[in-house]
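Q: just to be clear, the model below is a prediction. Sequence and coordinates:
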Amino acid sequence: MAGKQPVTELDARFSSNDATPTGWEEARGQLEDAQVYWLSTVRPDGRPHVTPLLAVWLVRKVVDGLTPEQLTFRVDHQANSIAWLVWHLTRIQDDHVADAARAEQVWTSRGWAERFGLPFHPLEPA
């Protein structure tokens, strides 16, 4: 991965004395191989928070080879398409990871909200 790498660190309040953080390259490899993983964070008031995330880590791998028709196909009028599901899960991940990192969501920081031009506030849940 080129560019700036995430810094892994542990909160001493929630780690054993001999614990060491997992390096980014190892963590990335585990995320790429996972089907479901758990994001564990600590709220500002010190309470733990754990949530499962579907591993839509590398979206291009997930949808590679699908035609536009396959991506937008709906089994019935109440079903969501593959394209919508991938977008939705990615937005939820962005929200959760940004919250854990205390950072701005990629959705807004990289201009995706403006590009999509959807009719709701950019930080509304997907």
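A: Ah, there it is.
Q: Trp112 touches Arg91, doesn't it?
A: No: using Cβ atoms under 8 Å, Trp112 makes no contact with Arg91, being 9.1 Å away. C-betas here are computed from N, CA, C, even on glycine.
Q: which of the helices or strands spans the most centrally placed residue in the chain?
A: The residue lying closest to the centre of the chain (Cα atoms, centre = their mean) is Gln93, at 2.5 Å. For Gln93, the element it lies in under DSSP states H and E is helix 82-101.
Q: next secondary structure element downstream of that helix?
A: Using DSSP H and E, the helix or strand that follows helix 82-101 in sequence is helix 106-109.
Q: re the thing from before, report the separation between the residue nearest to the centre of the chain and Pro119.
A: 22 Å (Cβ to Cβ, to the nearest Å).
Q: swap in His49?
A: 30 Å.
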